[in-house]
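1. What shape does this take:
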Amino acid sequence: MVQRMIQEEKRQLRDLQMDCLDEWVTHYRSFSGEGQCAAYIPALEKANPFDLGICIIGPGGTVIKSGDWHVSFTL
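-> Predicted coordinates:
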């Protein structure tokens with residue numbers, strides 16, 4: 001019984017985190033068109049400036065992700 005309550009609480013927390021992360025990505029995606037990718041760096045020149053994604057892995061292995069998290073990127 002207690003174990004089930006703990007699992008449900010963890011699920012609710014994860015759902016809340018996902019909702020917050022989705023809101024963050026939605027809000028900040030609108031700013032992505034204001035800048036430009038560096039044209040003097042070939043990999044960045046090819047990058048889509050509208051890609052915005054995030055993936056967070058917590059210490060317990062919990063994964064939350066939003067946006068274009070699956071898109072490869074360069075630094």
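2. Please make it C-alpha for all contacts and neighbour counts, starting now.
-> OK.
3. List the contacts of A39.
-> Shown in contact with A39 (C-alpha atoms under 8 Å, 6 or more residues apart in numbering): E45.
4. That one belongs to a strand, doesn't it?
-> No - assessed with DSSP: H, G, I helix; E, B strand; the rest coil, A39 is coil; it does not lie in a strand.
5. most centrally placed residue in the protein?
-> The chain has I54 as the residue nearest its centroid, 2.1 Å off, counting by C-alpha atoms, centre = their mean.
6. how far away is it from R4?
-> 29 Å (C-alpha to C-alpha, to the nearest Å).
7. L13 now?
-> With C-alpha to C-alpha as the criterion, L13 and R4 are 14 Å apart.
8. Tell me which of these two has more neighbours.
-> Ranked by neighbour count (other C-alpha atoms under 10 Å), L13 and R4 place L13 first, with 12 against 9.
9. circling back: hang on, the residue nearest to the centre of the chain in a helix?
-> No - looking at I54 with three-state DSSP, it is strand, so not inside a helix.
10. List the buried residues in the lengthiest helix in the chain.
-> Longest helix of the chain, by residue count under DSSP state H: helix 2-29. For helix 2-29, burial by neighbour count (16 or more other C-alpha atoms under 10 Å) applies to 18, 21-22, 25, 29.
11. packing partners for the helix or strand bottoming out on mean pLDDT in the chain?
-> None of the helices or strands of the chain scores lower by mean pLDDT, DSSP states H and E than helix 2-29, at a mean of 83. Applying 3 or more C-alpha pairs under 8 Å, 6 or more residues apart in numbering; DSSP states H and E, we find helix 2-29 packed against strand 63-67.
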